[in-house]
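Visitor: sequence first, then the predicted structure, then my questions.
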Amino acid sequence: MVSSVLLAVASASLLFVLILMLRLALFSRTAIYLRRISPDLEKWPLVSILIPARNEERKIEEALQSVRNLDYPELEIIILEDRSTDGTAAIADRIAAGDTRIEVKHIGNLPEGWLGKNHALQLGSDAARGEFLLFTDADVVFEPSTLRRAITAMQREQIDHMASGFFIRTPSLLVNLFVATFSYFFILYVRPWGIANSKSSSHVGIGGFNLVRAAVYRKAGSHRPIAMRPDDDMKLGKILKRSGARQRLADAGGLLQVEWYSSLPELIEGLMKNAFSGVEYSVPILIAASVGQLLLSVWPFLAIFVTDGLLRWENLAVVALTLAMVAVAARHNGGRAVYAMAFPFCTLLLLFILWRAAFLTLRHGGIRWRETFYPLAALRANKL
């Protein structure tokens, strides 16, 4: 009986990874690769870049200098300095001095019913004049031609919302190992092959690069429908897709870089904010997701050592195909293919983060992020 169940699980897992690999292969043929885009528009629309920043003094200067160095001709840059207690405000003011394209908005208070970043982006978008809005983060470093390539792709293909991945830089080997696994699960979560299909529920949003037509963004309600969403980037993609936006996921191929968490403890703490919201603060969904991850991403690696015959061969095939896809995901994020070897251990770490986030959120009745506490009742009320 147990053997039959395990064989059924192995067969189902193998079928799953084969279908996943086929879908990703087909998607890769139609994906937008920004490095391949020749930026040659005759007229460049005004773009407003919105950069929220709270206590970002360690990373913000390099990021803002890269934004200043963009070779895009029609640019408005709005820095949203939100109640910082370090040197962020002074750095932003210094970089903005003498550059008429840049405005720094200093935010002194947070109204009830808003997360800090979401409130800052709403204020920025209210003031923005651009035909396009680029929502990015205060640690994203741009190659100068990035925006011209992205706007060219948006205009050529009549895209309303484009999210783009980026290379992740970190001095920590452990974080690099985790990034490869995290990228693979991100792909599973967003199902990129369905993003361009208006009839599919697949959607995407990436905090470091969400480029959207301003009219479409405002039609969807701006940031107000996601005021209390810690996963605001993904949920922005969801409300845009629901409102009829033509959406695409792009590959920046090294044009965008982010210095991510510098250590494993910092990574664990940083992901705590979004983890439980990803399953809508639901313990039953968390349990189901955890069982699925264990069966698909951990058990096959163990099974090749404790089973034999057909069962071992099927699990070995699952392991080989999974590692191949994780290796590709690692390379797309600027990492090394060998990082895929840590996949089962990083999967367990991801589950630990999910369960720790759920436990602490339920125990404390909410989340604390950037010195602000947000009640669980208010977070759950903003369901999409």
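Guide: Perfect, thanks for sending it. Residues are numbered from 1 along each chain as shown.

Visitor: Trp215: what's it in contact with?
Guide: No Trp there; residue 215 is Ala. Residues in contact with Ala215 (CB atoms under 8 Å, 6 or more residues apart in numbering) are Glu131. Where you see a C-beta, it was placed from the backbone N, CA and C, and this is true even at glycine.

Visitor: try it again at 6 Å.
Guide: Ala215 makes contact with no residue, according to CB atoms under 6 Å, 6 or more residues apart in numbering.

Visitor: phi, psi for Asp82 please.
Guide: When quoted as degrees, to the nearest 10, the phi and psi of Asp82 stand at phi -110, psi 90.

Visitor: look up how far Leu121 lies from it.
Guide: Distance from Asp82 to Leu121, counting by CB to CB, to the nearest Å: 10 Å.

Visitor: ok, now Val67?
Guide: Val67 sits 16 Å away from Leu121, going by CB to CB.

Visitor: neighbour count: those two, which is higher?
Guide: Taking other CB atoms under 10 Å, Val67 and Leu121 do not tie; Leu121 has more neighbours (28 against 24).

Visitor: where's that one, which helix or strand?
Guide: Counting by DSSP states H and E, the element that carries Leu121 is helix 116-127.

Visitor: for that helix, packing partners?
Guide: Helices and strands touching helix 116-127, by 3 or more CB pairs under 6 Å, 6 or more residues apart in numbering; DSSP states H and E, are strand 47-53, strand 75-82.

Visitor: make it 8 Å
Guide: strand 47-53, strand 75-82, strand 102-107, helix 214-219, helix 232-242 (3 or more CB pairs under 8 Å, 6 or more residues apart in numbering; DSSP states H and E).

Visitor: nearest to Leu323, of those?
Guide: helix 232-242 (26.3 Å; CB to CB).

Visitor: all strands for the stretch 1-150 of the chain, in order.
Guide: Applying DSSP state E, counting those that start in this stretch to the stretch 1-150 of the chain gives strands spanning 32-33, 47-53, 75-82, 102-107, 132-135, 140-142.

Visitor: distance from the chain centre to stretch 259-274, please.
Guide: On the basis of CA atoms, centre = their mean, to the nearest Å, stretch 259-274 sits 14 Å off its chain's mean C-alpha point.

Visitor: quick check: which ranges of the chain have low pLDDT?
Guide: 1-2 (pLDDT under 70).

Visitor: these two touch, right, Leu349 and Leu177?
Guide: No: with contacts counted by CB atoms under 8 Å, Leu349 stays clear of Leu177, the gap being 9.1 Å.

Visitor: the two: which is more packed in?
Guide: Higher neighbour count among Leu349 and Leu177: Leu177, with 23 against 20, using other CB under 10 Å.

Visitor: what's the overlap in contacts for Asp82 and Leu121?
Guide: Pro52.
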